[in-house]
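**Q** below is the structure, and that's it, no one-letter string:
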C-alpha cells in the first residue's frame, strides 16, 4: 500500500525542539546573571586592614583597656577612640556595661572583649599595650588577658599571646609590628614603648598613668 508518510521528515520538529531548549538555557543564564549581583551585596565589607582583639575571662568584673599606637604616635584607647586610621570599636568596662535593660527585660553579654581596627595602610611601627584600669571590685587571682592581631586582606593571624595582669593600674606592652607601604607585616617583636595614652579625667583633662598606675 502506498503511503505519503514514508517521505515525511522530522528534521523540522527536532530543530524546533532544539531552538526551544536553547531559548530556555538563554533565559536561565540571563536570570542567573541578574540574581548574582544581589548575592555579591551580601558579602561582608572588608573595611579594615587589621583587627586587634583583646579578651579576658567573662566572669571577671574588672575594666581592662586596649591601646594601640600608630606610626605617627597617635594613641587610641577609651579616652581617644579614633585617631588617624585607627578606631576603637567598643570600650568594655567588665561587668559594668555587660547588661542591657530592654523593656524591663535584662539581657547579659557574657563576654569581655575590645576590638580596635586599622582601616587603611600607614607604613611604620605599631605598638599594642594593655592597661588594667580596674575600678570595679577587688580581685584575688591574676587576670589572663589575650591579645590577637589579624590581617584582614589577605587573612591571617599575625600575633596572639596571653599574659597575666596582677595589679590595678598595671600597664603591659604586648607587641610591636611593622607594616610596609603595601600593607605587608615585615616584622613582629616585643615592644619597649607604651601605647597607653590619657587614662584619668581630672579638671576636664586626661593624664597618662604615672609609673604604670592610674593616678587616682
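**A** That came in fine, so what should we check first? These numbers come from a predicted model, not from an experiment.

**Q** give me the mean pLDDT for stretch 153-166.
**A** Per-residue pLDDT values over stretch 153-166 give a mean of 95.

**Q** again with stretch 115-134
**A** Here the average pLDDT along stretch 115-134 is 95.

**Q** buried ones in that stretch, by neighbour count?
**A** Within stretch 115-134, the residues scored as buried using 16 or more other Cβ atoms under 10 Å are 115-118, 122, 125-134. All C-beta spots, glycine's among them, are computed from the backbone N, C-alpha and C.

**Q** tell me which of those residues is nearest to residue 142?
**A** Nearest to residue 142 among the buried residues of stretch 115-134, counting by Cβ to Cβ, is residue 132 at 10.4 Å.

**Q** residue 126 bridge partners, please.
**A** When assigned by DSSP bridges, residue 126 has beta-bridge partners residue 177.

**Q** circling back: out of the buried residues of stretch 115-134, which are inside strands?
**A** Using DSSP state E, the subset of the buried residues of stretch 115-134 located in strands is 115, 116, 117, 118, 125, 126, 127, 128, 129, 130, 131, 132.

**Q** check contacts around the second one.
**A** When the contact criterion is Cβ atoms under 8 Å, 6 or more residues apart in numbering, the partners of residue 116 are 51, 52, 66, 68, 76, 86, 87, 88, 89.

**Q** pretty sure residue 119 is touching residue 52, no?
**A** No: taking contacts as Cβ atoms under 8 Å, residue 119 lies outside contact range of residue 52: 11.9 Å.

**Q** farthest pair within the buried residues of stretch 115-134?
**A** Of all pairs drawn from the buried residues of stretch 115-134, the widest gap by Cβ to Cβ lies between 122 and 134 and measures 31.9 Å.

**Q** which SS class is residue 21?
**A** The three-state label given to residue 21 by DSSP: H, G, I helix; E, B strand; the rest coil is helix.
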